[in-house]
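>>> sequence unknown, structure follows:
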């Protein structure tokens, strides 16, 4: 009789967290490290989770955190072996119920259900219809930031980037329904970005040029739109901040020394007008004056206080 056809080829296994040593006793079961999962299977089933658990995301996340923080795998213990399938189901269920599960607050195991019932879906899932509190969501978010994040330290290969780009290109042209747009809009109401986040957005858009087609779409979208006086005032208040006024005041208090490509110099008071007359980009010349750019079309600029 081959190994695969032997009726008593099943076993029950336990996953232990090497980060949490101690004396853990649950009824007749005792462990030197905290258990966090109980399962049953045959052959290499007990170690298959080390690659990825498709059914239990919480279980998978714990494994990844252990691998990331310790550089090794969780401890896998074969607790009972050489038993029948029915015996393995029963023994697994008894162990899960005795140790307790996180989902119902009875213990440390991340098993979704008591052993022997598989992974439920839809209305049969124990979390179906339940909503996490804001405090719970915040704790989950904090626990997955930094080194605990699933993408921390990972980089995509060029091949992977290419596939992502191809998938994205295939999704362009889709039109969102009015209901979806409304939901997105409502979800962003009151959203406030940190100063660091704003700087990152600004940095990512620096030097970005919009195509003529994109400009036309924006123009078409705004054509005929009438803003209320309240909305206009909000735009003014948002854009004309004290720092902006101070910056404009500083700009007006400067004169500019311009060095032509042939080396001769002139002094001007209006950089923008000079750029328009000489087919130059005002922003590029300002960057030259600030030392962020060497020259612009051979021209150099220096800002001089009045």
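Good, I have the coordinates. Note that the structure is predicted; figures quoted are calculated from it, not measured.

>>> CA only for contacts and neighbour counts going forward, please
Will do.

>>> any weak-confidence spans in this protein?
Flagging of the chain using pLDDT under 70 yields the residue ranges 1-5, 52-55, 114-128, 148-151, 167-174, 238-253, 305-306.

>>> please enumerate the strands of it.
10-26, 29-41, 75-83, 254-259, 265-268, 300-305 (DSSP state E).

>>> so which elements touch the fifth one?
Read it as strand 265-268. Packing partners of strand 265-268 (3 or more C-alpha pairs under 8 Å, 6 or more residues apart in numbering; DSSP states H and E): strand 254-259.

>>> report the distance from the strand it packs on to the chain centre.
Relative to its chain's centre, strand 254-259 lies at 45 Å (C-alpha atoms, centre = their mean, to the nearest Å).

>>> just checking, what packs against that strand?
Using 3+ C-alpha pairs under 8 Å, 6+ apart: strand 254-259 touches strand 265-268, strand 300-305.

>>> most tightly packed of those strands?
strand 300-305 (a mean of 18; mean count of other C-alpha atoms under 10 Å).

>>> by contact count, what packs against that one?
The contact analysis (3+ C-alpha pairs under 8 Å, 6+ apart) places strand 300-305 against strand 254-259, helix 282-289.

>>> repeat the analysis, applying 10 Å as the threshold.
Judged by 3 or more C-alpha pairs under 10 Å, 6 or more residues apart in numbering; DSSP states H and E, strand 300-305 is in contact with helix 242-252, strand 254-259, strand 265-268, helix 282-289.

>>> who does that strand pair up with?
Paired neighbours of strand 300-305 in the sheet (DSSP bridges): strand 254-259 (antiparallel).

>>> any idea how far residue 46 lies from residue 60?
13 Å (C-alpha to C-alpha, to the nearest Å).

>>> more crowded one of these two?
Taking other C-alpha atoms under 10 Å, residue 46 and residue 60 do not tie; residue 46 has more neighbours (20 against 17).

>>> touching, the more buried one and residue 81? I think so.
No - Residue 46 sits out of contact with residue 81 when judged by C-alpha atoms under 10 Å, with a separation of 11.7 Å.

>>> so what sits against both of those two?
With contacts taken as C-alpha atoms under 10 Å, 6 or more residues apart in numbering, the residues that reach both residue 46 and residue 81 are 11, 12, 13, 40.

>>> correct me if wrong: the last one contacts residue 82.
No - in this structure residue 40 lies outside contact range of residue 82 using C-alpha under 10 Å: 11.4 Å.

>>> out of these two, which sits in the busier spot?
residue 40 (25 against 15).

>>> distance of the closest residue to that one other than its chain neighbours from residue 25?
Nearest non-adjacent residue to residue 40, counting by C-alpha to C-alpha, 6 or more residues apart in numbering: residue 12, 4.3 Å away. Relative to residue 25, residue 12 is positioned 18 Å away (C-alpha to C-alpha).

>>> higher neighbour count, the two?
Ranked by neighbour count (other C-alpha under 10 Å), residue 12 and residue 25 place residue 12 first, with 25 against 13.

>>> any idea how far residue 87 is from the more buried one?
Residue 12 sits 9 Å away from residue 87, going by C-alpha to C-alpha.

>>> what's the overlap in contacts for these two?
40, 81.

>>> now do the helices in the stretch 101-250 of the chain.
134-143, 158-171, 178-187, 195-205, 212-222, 229-239, 242-252 (DSSP state H, counting those that start in this stretch).
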